[in-house]
Every structure is written in structure tokens, then in C-alpha cells.
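Peer 1: Sequence first, predicted model second:
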Amino acid sequence: MSTPLLDVSGIGIAFGGVRAVDEVSFKVATGEVFSIIGPNGAGKTTLFNLVTGIYRPSRGTVRLDGADITAVPPHLRVRSGMARTFQNLQIFFRMTAVENVMVGCALSERTSFLADLLGLPSVFRQNRVTRAKALALLERVGLADLAEAPAGALPYGALKRLEIARALAADPKVLLLDEPAAGCNAVETEAIDNLIAAVAKSGVAVVLIEHDMKLVMKISDRVLVLAQGRPLAEGPPRAVRENPQVIAAYLGDIGSREADRAHG
Ligand SMILES: Nc1ncnc2c1ncn2[C@@H]1O[C@H](COP(=O)(O)OP(=O)(O)OP(=O)(O)O)[C@@H](O)[C@H]1O
């Protein structure tokens, strides 16, 4: 691998004696799709929270583009190029789609509080720029036609894409997606699948937690399997799918059948 963009090394945290994540390491390069899978309670979301700074690890380091960001708070990680989506939708349902994306733009900008307060002309100009950027992002995720629709009126698959658009507003180098296709039907999942592949191709390192094994096997360059907080296997989807330990611990009969179907 060329210089990894995201380099997670020996990271871990315990909750009341339970090691939710223990000695996990992985690296992700620009343009890669890296998926984290594992049974319920394996530590996937906790690992995301450690990587994005919501939890402070009790050990290990997180490096982004060579810089140690282990102690950097989440909002500053966004500014240094790390964005994420959440397992549960974090959408403002009374705002329009474009306004939701504008919120994402604002979170990653360094606007002056005083200028905002006084409503200086530069702020109006900035708002126009932000709006244009948000509209371009909606176009990118295939929601241009729904830009002015209230988010509350959008179908579920569109909301999941709206979340991705909002995360992309930060111009991330690394995008972490927590179950981007959860609750989506086959058509919506396919749209998200294509979107993730396009985002990676545009030069973003994508890290994914996903239960939809078909999606994982189809779009991942590499897969990390967690079990009880620890890494069980890591490698290309096919190798992971055929790993007997993984089959025993996680995939089981149903999972390997799904993965077989994904590969045709
Ligand atoms: N804030 C917390 N306090 C205490 N225990 C926690 C906390 N967060 C997670 N855990 C525990 O850590 C372990 C890992 O949980 P986590 O939610 O990261 O798993 P997961 O792989 O994301 O599961 P799922 O697939 O169900 O989302 C579980 O045993 C969970 O109960």
C-alpha cells in the first residue's frame, strides 16, 4: 500500500472491565473501500467512535495523513479531513434537503462568529457559495431534483444518501459510513453501493460498517472482521469469506450463501 491516509494502530477501550475494542490496527489508502464487519456487539461502532474522536482510546493511536490525531476532538477532525455518518439518521426533518447539506458545509467552515452576528455582506456571499456547494453535492448523490423538498418527505434511501452528501460537505479525505444501507430496499442499496464506489474513486478513503454482506463483498477492497472487540481476519473479500474462523464466528451458513450470491 502507498502511504496510508488513515493509520489506526493498536487501538483499544474498555467499558467497566469489558474490552469493547482491543488491540485493533488497520490502514486505509486513498481510493480504497475498507469494510469492518462482525456480529452484533463485536465493537464496530465503538471502533468508529474511537477513530472519529467521540471516545478517547485507552491505548493506541490514530494517524490521518501522517499526523497523530489521537487527542484531537471530533469537530477538529472534521476540519482536518475526517467525516462520518451515523447508524441512526441525523437529519433535520423540517429543513429542506439543501439546507441539511448546508449545515454540513457550515460545520466544516471557519466563519467568524462576529461576522455572522452582524450579518456582514461577506456572510451573504458566503451563504450563496455554501448553497451552490450544497446543490452540487446533492447532484453528486443523485438528489438534485429533491433539493427544495423537506427532508421529512424524502424516502428512506434518499435520506441515507442525503447523510452522505452532508458528510461530503466537509471535503473529507476519509469518510466513515456506519451502516449506510441499513433499512434500504434492493434498489436503494444499489444506488448507495454505486455512490460509495464513486466517492472512493474520486480520491476518498472510505471506511464502512455494514451488515449487508452482499454490499460488503461487492464493493470492498479489503475487509476487517471483528469478534468480541478483537481482529479475527483481514484481507480481500474473497479470502475473508473463505476463512474458516470467520465462517465459524460470523458468516455461518446464511452469510456465506449471501456472499456466494454476491460473487455470482
Ligand atoms: N458506552 C458504552 N458503555 C458500555 N458498554 C458499551 C458502550 N458502547 C458499547 N458498549 C459495549 O461494547 C461492546 C461493543 O459494542 P458496539 O456497539 O461497538 O458493537 P457493534 O459491533 O457496533 O454492534 P452492532 O452490530 O449491534 O451495532 C458491546 O458489548 C457493547 O455492549
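Peer 2: Received, thanks.

Peer 1: What residues does the protein have near the ligand?
Peer 2: Residues of the chain found near the ligand (Cβ under 6 Å from any ligand atom) are F15, V18, A20, G38, N40, G41, A42, G43, K44, T45, T46. Quick note: C-beta positions are derived from backbone N, CA and C, even for glycine.

Peer 1: Quick check: phi and psi on the fifth one?
Peer 2: So the one you mean is N40. With angles defined as degrees, to the nearest 10, N40 sits at phi -50, psi 130.

Peer 1: what's the pLDDT at it?
Peer 2: Per-residue confidence (pLDDT) for N40: 85.

Peer 1: Quick check: K133 is in a helix.
Peer 2: Yes. Counting by DSSP: H, G, I helix; E, B strand; the rest coil, K133 is found in a helix.

Peer 1: For A169, see how far away it is.
Peer 2: Plainly put, K133 is 7 Å away from A169 if you go by Cβ to Cβ, to the nearest Å.

Peer 1: of these two, who's got more company?
Peer 2: In this view K133 and A169 are compared by other Cβ atoms under 10 Å, and A169 has more residues nearby, 25 against 18.

Peer 1: which ones are touching the more buried one?
Peer 2: For A169, the contact set (Cβ atoms under 8 Å, 6 or more residues apart in numbering) comprises A83, V101, M102, G104, C105, L107, S108, K133, A134, L137.

Peer 1: Just give the closest residue to it, not the sequence neighbours.
Peer 2: What sits nearest to A169 in space, not counting adjacent residues and going by Cβ to Cβ, 6 or more residues apart in numbering, is G104, at 3.3 Å.

Peer 1: what secondary structure does that neighbour sit in?
Peer 2: Following three-state DSSP, we place G104 in the helix state.

Peer 1: And the one residue in the stretch 51-200 of the chain that gets nearest to the ligand, which helix or strand is it part of?
Peer 2: At 6.5 Å from the ligand, Q87 is the closest residue in the stretch 51-200 of the chain, using Cβ to the nearest ligand atom. Per DSSP states H and E: Q87 is located in neither a helix nor a strand.

Peer 1: same question, the one 4 residues further on
Peer 2: When secondary structure is defined using DSSP H and E, no element contains I91, which sits outside every helix and strand.

Peer 1: Make residue 1 into 716 and carry on from there
Peer 2: Fine by me, first position is 716 from now on; the one you just mentioned is I806.

Peer 1: Next up, the contacts around it.
Peer 2: Per Cβ under 8 Å, 6+ apart, neighbours of I806: N815, A866, L874, L877, E878.

Peer 1: What distance do you get for it to T845?
Peer 2: Note on I806: its distance to T845, by Cβ to Cβ, is 18 Å.

Peer 1: Check K933 too.
Peer 2: Counting by Cβ to Cβ, the gap from K933 to T845 is 34 Å.

Peer 1: Give me the more crowded residue out of those two.
Peer 2: Ranked by neighbour count (other Cβ under 10 Å), K933 and T845 place T845 first, with 21 against 18.

Peer 1: Would you mark the buried spots in the one helix or strand V914 maps to?
Peer 2: Assigned by DSSP H and E, V914 belongs to helix 901-916. Across helix 901-916, burial judged by 16 or more other Cβ atoms under 10 Å covers E903, T904, E905, A906, I907, D908, L910, I911, V914, A915.
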